[in-house]
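>>> the sequence and its predicted three-dimensional model are supplied below.
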Amino acid sequence: MTTMLRLVLMRRVSTFGQAVDGYGLDAQEADCRRFVKNVGNIRIVHVVTDGDTKGGKSGKSTLDERPGLMEAMEWISEGKADGIIAPNLDRIARELTVQEAVLAYVWALGGHVYTADHGEHLEDDEDDPMRTAMRQMRGVFHQLDRGLIRKRLKDGRAAKGEKGGYAYGAPRFGQQAKDKELVDQPAEKNVEAQILEWHDEQGMGIRAICNRLNDEGVPTKRGGRWHPSTVSRILSPEAREKNRVASEKARTFKKETTRRTRAARLLAQQ
């Protein structure tokens, strides 16, 4: 009798992935189940997901930041599953280094790795170096393709911004995005005018304006309470630009810190 392999179906979406290819969770699962049905000696025993149906979360790069992936590994290590299946290598990981780490981890647990577009990815073999090379080449081109798409999108947004169009980012107070263009938001424009009047004509300070807005129950753009920095950005475009630059620096610093932490974690595992 042929032993039925028990596989955990892995799905992953991200904000970027959904925007680019629209390859959502349902489509990914359908492809995997179609493959399993055609093969015949495989059954899916569990389904895990990284990200959500709205693409609100990105598939993280490190293994321990992927709850769905780690859940699949637990099923294998606890003997409840014999391996994983994903639509393609790109959905297992978006970076080649992470892809290889995931595969090595599954194989170390004695598990199998399948993708619907290829079949089983066999463990590396010293007598067949082409096997490893071809798999890694697929990973390289997945990574390259997504990188090129990201660059085209970024360049397109930048070009649109240079022409005065709405490119990206949250619209400032008093404006909203409509049909991919920035237009005035009447209610917010009225609040903006009132803030300018209090400041320019009545001589109110930033904190006094902030307190008055909160006392009168005037909502911010996101519906929260007013803070001096929020009022300051409305009164001064320079302050808004300064805040934008500071936020960009903070994001860059966070990205670099994450990269260094990941490198330290990998070194510690050696």
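Yep, it's here. Residues are numbered from 1 along each chain as shown.
>>> use CA for all of it now, contacts and neighbours both
Will do.
>>> isn't residue 10 up against residue 44?
No: at 10.2 Å, residue 10 does not count as touching residue 44 under the criterion of CA atoms under 8 Å.
>>> can I assume residue 225 sits in a strand?
No: secondary structure of residue 225 (DSSP: H, G, I helix; E, B strand; the rest coil): coil, not part of a strand.
>>> residues contacting it?
Residue 225 makes contacts with 214, 219, as judged by CA atoms under 8 Å, 6 or more residues apart in numbering.
>>> next, give phi and psi for it.
Phi and psi for residue 225, reported as degrees, to the nearest 10, are phi -90, psi 160.
>>> distance of it relative to residue 189?
18 Å (CA to CA, to the nearest Å).
>>> burial check on the residue nearest to residue 12 when sequence neighbours are not counted, number of neighbours?
Excluding the flanking residues, the one nearest residue 12 by CA to CA, 6 or more residues apart in numbering is residue 50, at 4.7 Å. Residue 50: 24 surrounding residues under other CA atoms under 10 Å.
>>> tell me if I'm right that residue 50 and residue 13 touch.
Yes: in this structure, residue 50 is within contact of residue 13 by CA under 8 Å, at 6.6 Å.
>>> could you list the low-pLDDT ranges of the chain?
Filtered on pLDDT under 70, the chain yields the residue ranges 1-2, 14-22, 52-65, 157-170, 179-180, 237-244, 247, 259, 262-270.
>>> now do the strands in it.
Ranges of strands in the chain, per DSSP state E, are 5-12, 42-50, 83-86, 112-115, 119-120, 175-178, 181-184.
>>> counting contacts, what elements does the last one pack onto?
Strand 181-184 is packed against strand 175-178, with contacts defined by 3 or more CA pairs under 8 Å, 6 or more residues apart in numbering; DSSP states H and E.
>>> got a list of what residue 227 touches?
By CA under 8 Å, 6+ apart, residue 227 lies in contact with 207, 210.
>>> ok, now which ones touch residue 44?
Residue 44 neighbours (CA under 8 Å, 6+ apart): 6-9, 33, 36.
>>> how about it: what's its closest non-neighbour residue?
Excluding the flanking residues, the one nearest residue 44 by CA to CA, 6+ apart is residue 7, at 4.9 Å.
>>> with residue 235 instead?
With CA to CA, 6+ apart, the residue lying closest to residue 235 is residue 196, at 6.7 Å.
>>> can you put the strands of the chain in JSON lines and add distance to residue 100?
Shown next, in JSON lines, are those (distance: least, CA to CA, whole Å):
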{"stretch": "strand 5-12", "distance to residue 100": "16"}
{"stretch": "strand 42-50", "distance to residue 100": "18"}
{"stretch": "strand 83-86", "distance to residue 100": "14"}
{"stretch": "strand 112-115", "distance to residue 100": "11"}
{"stretch": "strand 119-120", "distance to residue 100": "15"}
{"stretch": "strand 175-178", "distance to residue 100": "41"}
{"stretch": "strand 181-184", "distance to residue 100": "42"}
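>>> residue 144 is nearest to which of those strands?
Among those, the nearest to residue 144 by CA to CA is strand 5-12 (18.5 Å).
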